[in-house]
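> Using only what follows, build the 3D model:
(chains A and B)
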Amino acid sequence: MTDNLYMPYLMKIEKVTYEAPGVKTFMLKFINEEDQNRFTFKAGQFGEYSVYGVGESTFCIASSPTRKGYIECTFRQTGKVTNALSGCEEGSIIGFRGPYGNTFPIDEWKGKNLLFIAGGIALPPMRCVIWNALDQRDNFKEITIIYGARTVNDLVYKHELLDWERRKDIKLVTTVDPGGESPDWKGEIGFVPTIVEKIAPSSKNSIAIVCGPPVMIKYTFPVLTKLGFQDENIYTTLENRMKCGFGKCGRCNVGKYYVCKDGPVFTLSQLKELPDEY
Amino acid sequence: MNIDKWLVRKDSLEKLFDILKQNSKTIYAPATKNGKVSFIETDSFSGITTDYIQTTQSSKEIVFPRTEKILDYTKNRDGMSVKGIDLKDIPEIILWGVRPCDAMGIDGLSAIFNWDYKDEIYNNRLSRVTVLGFSCSKSDEYCFCTSAGGGPGNNAGSDILFTQLGTDGDYLAEVLTEKGSAVVLLASGLFEKAGEIKKEQFLAEVPVRFNKEEIRKKLENSFESELWIEHSLRCLGCGACAYVCPTCACFDIQDEAHGKAGTRVRCWDSCGFSLFTLHTSGHNPRELQSQRWRQRIMHKFSYMPDRLSVYGCTGCGRCSRACPVDMNILEHLISIQEVIV
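Numbers count the residues shown, from 1 in each chain, chains lettered A, B, ... in the order given. Presented below is the predicted three-dimensional model:
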């Protein structure tokens, strides 16, 4: 890399996977081998993905640092850049800057139960941690994943969900919002917070990681508290609009904290210290 | 480095300008264009405007241009070629006639561009700029540098600070940095050793109107204050305050495409714009103008001193002068000091 912080790595789209309506996953490989060899990141970090001539967009790295040689990102087609990304085919070249931000402290969680709670398009930031934990499965006790989407069709990583369902060392609960079920849907029906309350995972020696739309997060926290989870054992990520990703452009701050530098990973006890500006 | 004090005769100032010019320096100086005084590349001493309180725009854009290329890209048959801005191409510039409040603003910019990640584009620009500050002998009702930690003869941020010793007087030159010494060396015949000179009597009088430390303290617990709504009722969210500010550094990154090639640029932005923080989902963490105004004041007087140990305001008063609805930051700050308990 150069001294220019804004210079992206050139990445080749190796594989495009259709996940759900408007949602795709890209497997990206570094064009320059040296870049690839030098590149490292940790679970929870994010990057700036760009289509040259259109612009940059911020999202997490959805693959795990334990799987080397490529990175993956999953995004929903919503704005100008994600629409342009969505139009890119396998073999196309895009830009990537990163990794930025803090990380999930996975090493501190060794020997504990992990409870993952995700909604909709927020499974990708968590998948990085899930893969990471599964790649060192013996270091953790029970792993529970509760994942919900509006409809069956909106669930992302459908193949992986089937894999996780088959594994004996993961407890996977999938749910869809009432009315979002298909005729032969075998999972739960109900909003994520309701299902968490129903499953009632133990808070003993447990860490909860919650990612999802703001409304889901808002109603899930009290359920976890009721189940006995301490604020410092509940983790989530904040997503604010960003341009630079490294604490200069001035828009992702919540009070004096920058989501891009001090986050995106925060515990509930940290969130309670932040002003209501996210 | 100790402050080196020299005397430059009034008539020698033009010679200094010419010597710098002859040494192929690019000189930006205050000049009048369309009735406004701005920092413009200037070839002759006679083109410099001296009769002004404050340039309309600060000198910020010389180190942090309004729109600045980050990279060029070209799509070709084999893929893509991308070339970043060549830092070696950044020109050496003499910034002539900078007010102490603008020079002081460099501290704030440097803190933003260097905490944690180091922004080498900014650093390279700054390293090639020599700041020739000129003390103020006049001020207006918008000026409040003395409340912001500066002053009409404050030398922070200048490489040399010139103070005219009375109307039509000679100049005291305080040489503050290596870059300043380099200028003295180029024109050593023009710099005479100065005796004990007190410059204070020749400076503008700018009364202290508030205590910034006290404001910082009061802001700590005022996030939910009603004052933000009251203070921002008039605000149009036009962002003029940010564009004229010597320390505002918020920026956007945009692509400009021309067929198969194009550039990516970094350009000024403002926390006053509603789009600044708007999420793609439609959610906006700062959806009200009062929240955006709060961000502006908090960033400058609370977050920056907390995180970067520097305030984001130098008291230049430009935002008040530029505001189309006459919002006066000085009045707001005094009000914060008085109203918030």
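
> CA atoms of stretch B:234-241 as CSV?
What follows is stretch B:234-241, C-alpha atoms only, in CSV (Å, rounded to 0.1, in the frame of the first residue of the first chain):
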residue,chain,number,x,y,z
ARG,B,234,-33.3,29.9,12.6
CYS,B,235,-30.7,27.6,11.2
LEU,B,236,-31.2,26.8,7.5
GLY,B,237,-28.7,24.0,7.5
CYS,B,238,-26.9,25.7,4.6
GLY,B,239,-23.4,24.7,5.9
ALA,B,240,-21.9,28.1,5.2
CYS,B,241,-20.4,28.2,8.7
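
> in that stretch, what counts as buried?
By neighbour count on 16 or more other C-beta atoms under 10 Å in any protein chain shown, the buried set for stretch B:234-241 is B:Cys235, B:Gly237, B:Gly239, B:Ala240, B:Cys241. Just so you know, the C-beta spots here come from the backbone N, C-alpha and C atoms, and that holds for glycine as well.

> now swap in stretch A:205-223 and tell me
So for stretch A:205-223, counting by 16+ other C-beta under 10 Å, buried means A:206-213, A:216-217, A:219-221, A:223.

> What sits closest to B:Cys250 if chain neighbours are left out?
Spatial nearest neighbour of B:Cys250, excluding adjacent residues (C-beta to C-beta, 6 or more residues apart in numbering or on different chains): A:Gly250 at 3.4 Å.

> OK, contacts around residue 95?
Going with chain A. When contacts are counted by C-beta atoms under 8 Å, 6 or more residues apart in numbering or on different chains, A:Gly95 touches A:Pro8, A:Tyr9, A:Leu10, A:Met11, A:Glu48, A:Tyr49, A:Ser50, A:Val51, A:Tyr52, A:Glu56, B:Val82.

> you looked at the wrong chain, it should be chain B
B:Leu95 neighbours (C-beta under 8 Å, 6+ apart): B:Tyr28, B:Ala29, B:Phe39, B:Ser59, B:Ile62, B:Val129, B:Thr130, B:Val131, B:Leu132.

> out of the buried residues of stretch A:205-223, which are inside helices?
A:Met216, A:Ile217, A:Tyr219, A:Thr220, A:Phe221, A:Val223 (DSSP state H).

> tally of neighbours for whichever residue of the stretch 51-200 of chain A sits closest to chain B?
Of all residues in the stretch 51-200 of chain A, the one sitting closest to chain B is A:Gly53 (3.4 Å; C-beta to the nearest C-beta). The number of residues packed around A:Gly53, counting by other C-beta atoms under 10 Å in any protein chain shown, is 18.

> Check B:Ile215 too.
23.

> State the helix or strand in which it lies.
helix B:212-219 (DSSP states H and E).

> from memory the residue of the stretch 51-200 of chain A closest to chain B sits against B:Ala257, does it?
Yes: A:Gly53 lies in contact with B:Ala257 (C-beta atoms under 8 Å); the separation is 3.4 Å.

> List, one by one, the residues from the stretch 51-200 of chain A near chain B.
Applying C-beta under 8 Å from any C-beta of the partner chain, we find that the stretch 51-200 of chain A lies next to chain B at A:Tyr52, A:Gly53, A:Val54, A:Gly55, A:Glu56, A:Thr78, A:Gly79, A:Thr82, A:Ile93, A:Gly95.

> which residue ranges form the strands in the stretch 1-150 of chain A?
Under the criterion DSSP state E, counting those that start in this stretch, the stretch 1-150 of chain A contains strands at A:9-20, A:23-30, A:46-51, A:55-60, A:71-76, A:93-100, A:113-119, A:143-149.

> Save those as a markdown table, and put in distance to B:Lys88 and mean pLDDT too.
Formatted as a markdown table, those follow (distance: least, C-beta to C-beta, whole Å; pLDDT from 0 to 100):
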| stretch | distance to B:Lys88 | mean pLDDT |
| --- | --- | --- |
| strand A:9-20 | 22 | 96 |
| strand A:23-30 | 26 | 97 |
| strand A:46-51 | 25 | 97 |
| strand A:55-60 | 25 | 96 |
| strand A:71-76 | 32 | 96 |
| strand A:93-100 | 22 | 96 |
| strand A:113-119 | 48 | 97 |
| strand A:143-149 | 51 | 97 |
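
> Let me have the ones you listed in JSON lines, extended by distance to B:Ile229.
Below are the strands of the stretch 1-150 of chain A laid out as JSON lines (distance: least, C-beta to C-beta, whole Å):
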{"stretch": "strand A:9-20", "distance to B:Ile229": "41"}
{"stretch": "strand A:23-30", "distance to B:Ile229": "40"}
{"stretch": "strand A:46-51", "distance to B:Ile229": "34"}
{"stretch": "strand A:55-60", "distance to B:Ile229": "31"}
{"stretch": "strand A:71-76", "distance to B:Ile229": "35"}
{"stretch": "strand A:93-100", "distance to B:Ile229": "34"}
{"stretch": "strand A:113-119", "distance to B:Ile229": "33"}
{"stretch": "strand A:143-149", "distance to B:Ile229": "38"}
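
> and chain A, what are its domains?
What automatic domain parsing lists as the domains of chain A is A:9-100, A:108-237.

> gap between the two ends of the longest one?
So that's domain A:108-237. 17 Å (C-alpha to C-alpha, to the nearest Å).

> give the contact list for whichever residue of the stretch 151-278 of chain A sits closest to chain B.
Of the residues in the stretch 151-278 of chain A, the one nearest chain B is A:Gly250, at a distance of 3.4 Å by C-beta to the nearest C-beta. Counting by C-beta under 8 Å, 6+ apart, A:Gly250 touches B:Ile112, B:Ala249, B:Cys250, B:Phe251, B:Asp269, B:Cys271, B:His299.

> same check, this time on B:Val129
Per C-beta under 8 Å, 6+ apart, neighbours of B:Val129: B:Ile62, B:Val63, B:Glu92, B:Ile93, B:Ile94, B:Leu95.

> now it, which residues is it bridged with?
B:Ile93 (DSSP bridges).

> related to what we said a few turns ago, can you put the contacts of A:Gly95 in JSON lines and add neighbour count and distance to B:Gly315?
Formatted as JSON lines, these follow (neighbours: other C-beta atoms under 10 Å in any protein chain shown; distance: C-beta to C-beta, whole Å):
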{"residue": "A:Pro8", "neighbour count": "24", "distance to B:Gly315": "39"}
{"residue": "A:Tyr9", "neighbour count": "21", "distance to B:Gly315": "43"}
{"residue": "A:Leu10", "neighbour count": "20", "distance to B:Gly315": "46"}
{"residue": "A:Met11", "neighbour count": "26", "distance to B:Gly315": "46"}
{"residue": "A:Glu48", "neighbour count": "24", "distance to B:Gly315": "36"}
{"residue": "A:Tyr49", "neighbour count": "26", "distance to B:Gly315": "41"}
{"residue": "A:Ser50", "neighbour count": "24", "distance to B:Gly315": "39"}
{"residue": "A:Val51", "neighbour count": "23", "distance to B:Gly315": "43"}
{"residue": "A:Tyr52", "neighbour count": "26", "distance to B:Gly315": "42"}
{"residue": "A:Glu56", "neighbour count": "25", "distance to B:Gly315": "36"}
{"residue": "B:Val82", "neighbour count": "19", "distance to B:Gly315": "42"}
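
> Including distance to B:Ser44, could those residues go into a markdown table?
Shown next, in a markdown table, are those (distance: C-beta to C-beta, whole Å):
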| residue | distance to B:Ser44 |
| --- | --- |
| A:Pro8 | 44 |
| A:Tyr9 | 47 |
| A:Leu10 | 47 |
| A:Met11 | 51 |
| A:Glu48 | 45 |
| A:Tyr49 | 49 |
| A:Ser50 | 44 |
| A:Val51 | 47 |
| A:Tyr52 | 43 |
| A:Glu56 | 43 |
| B:Val82 | 41 |
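
> With respect to B:Lys212, which of these is nearest?
The closest of the contacts of A:Gly95 to B:Lys212 turns out to be A:Glu48 (C-beta to C-beta; 35.2 Å).

> still on that earlier bit, out of the buried residues of stretch B:234-241, which are inside helices?
Taking DSSP H, the ones among the buried residues of stretch B:234-241 that sit in helices are B:Ala240, B:Cys241.

> Return the closest of the buried residues of stretch B:234-241 with respect to B:Gly282.
Using C-beta to C-beta, B:Gly237 comes nearest to B:Gly282 of those, at 18.0 Å.
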